[in-house]
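Asks: Please find the sequence and the predicted model below.
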Number of protein chains: 2
Amino acid sequence: MAESRLQDVLFYSLESALKAYRRFAQARLHAAGIDITIDQWLVLKTIHESADLTLQQVGTAVFKDFASVTRIVQLLERKGLLVRKPHPSDGRRSELALTVAGEAVIRTVEPIAQDNRRQALDGIGAEQVALLRAVLNRITENCDPRD
Amino acid sequence: MAESRLQDVLFYSLESALKAYRRFAQARLHAAGIDITIDQWLVLKTIHESADLTLQQVGTAVFKDFASVTRIVQLLERKGLLVRKPHPSDGRRSELALTVAGEAVIRTVEPIAQDNRRQALDGIGAEQVALLRAVLNRITENCDPRD
DNA sequence: CGCCACTCATTGATATGTCAACCAACTCAG
DNA sequence: CTGAGTTGGTTGACATATCAATGAGTGGCG
């Protein structure tokens, strides 16, 4: 009984930590005058890092649903941070590229994001982070039907 | 070079694990023929366990926004799992109570939820769970502006 | 009593998550 | 070449997250 109570608390802590971090990071972006969401930032950075990805590959990279990626890319395009051109060899796809403004956002947010992570992990040792990552990955595997 | 690639960021593993768990648990509920979401279940169980809570207290208990709790309670009411009556001493509040159907959902889902957590944490020791919880709580504190 | 500040709750707007339906383009077996 | 199946992408419907504004009730206090 007490054992399942402990596990119960674990997923509460997971939700709590993630929500607190997202709120924290979002507030920092807003304070810096950057008008994008955390999720938009993740998608933008993924496209910046890996050119010539399909939207589905972007979604896999940021652990997002493909439908969500479609909508986030539309928002980034509307905000002038991203452009889509027809793909030269595959008519189904679009070629994604950051605009000058998009590149500027990357350069502005990058140090903020690193500082956010530093503050969020303050007082937590590298070996604890490594263990945390390992346990989280194990949870993901345990819950993922593809194995 | 500091961690900058998204794949290396700890919070990715956090998002990944939580989303995988939620999808997993939701699929289990659906497979059992229970037509409620994970979040609705959390709210329902919280109200079941602690009578006479305000909606804000419910929201705090499940780490949810008050606006979300309002809407979730409306859905639970529409599904006939919950009833609201005027509160005897405070006209702003409602008295929340599970219906017979709501109680039945609690009894059905309880063992499923426990089994979900057991499977998600398969192969992860109790001491690792405890450490994980401590680290997550530290992250929450680090990100929470109220300190 | 009547004003005011505070609390509880609801609602709107926008963004995202999830599932499902759908379309268009590509691929490949026959 | 053609038709079936696959892949990339979009959209709709519904649920939730967040922020902001508002409504409504309560309690204190002059």
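Replies: Everything's here; your move.
Asks: do you know how far the residue nearest the centre of chain A is from DNA strand D?
Replies: Geometric centre of chain A, nearest residue: A:Leu42, 3.8 Å, by Cα atoms, centre = their mean. According to Cβ to the nearest atom of the strand, to the nearest Å, A:Leu42 and DNA strand D sit 15 Å apart. (Each C-beta comes from the backbone N, C-alpha and C, glycine too.)
Asks: The host helix or strand of that residue: which residues count as buried?
Replies: Per DSSP states H and E, A:Leu42 falls inside helix A:38-49. Buried residues in helix A:38-49, counting neighbours by 16 or more other Cβ atoms under 10 Å in any protein chain shown, are found at A:Ile38, A:Asp39, A:Gln40, A:Trp41, A:Leu42, A:Val43, A:Leu44, A:Lys45, A:Thr46, A:Ile47, A:His48.
Asks: quick one: it to chain centroid distance?
Replies: The chain centroid and the centroid of helix A:38-49 are separated by 7 Å under Cα atoms, centre = their mean, to the nearest Å.
Asks: Tell me which ones among the buried residues of helix A:38-49 also neighbour DNA strand C, please.
Replies: For DNA strand C, the contacts drawn from the buried residues of helix A:38-49 by Cβ under 7 Å from any atom of the strand are A:Asp39, A:Gln40.
Asks: Can I get the buried residues of helix A:38-49 in a markdown table including pLDDT and distance to A:Arg117?
Replies: Below are those laid out as a markdown table (pLDDT from 0 to 100; distance: Cβ to Cβ, whole Å):
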| residue | pLDDT | distance to A:Arg117 |
| --- | --- | --- |
| A:Ile38 | 95 | 12 |
| A:Asp39 | 95 | 16 |
| A:Gln40 | 96 | 18 |
| A:Trp41 | 96 | 13 |
| A:Leu42 | 95 | 13 |
| A:Val43 | 96 | 18 |
| A:Leu44 | 96 | 17 |
| A:Lys45 | 95 | 13 |
| A:Thr46 | 95 | 17 |
| A:Ile47 | 95 | 20 |
| A:His48 | 95 | 18 |
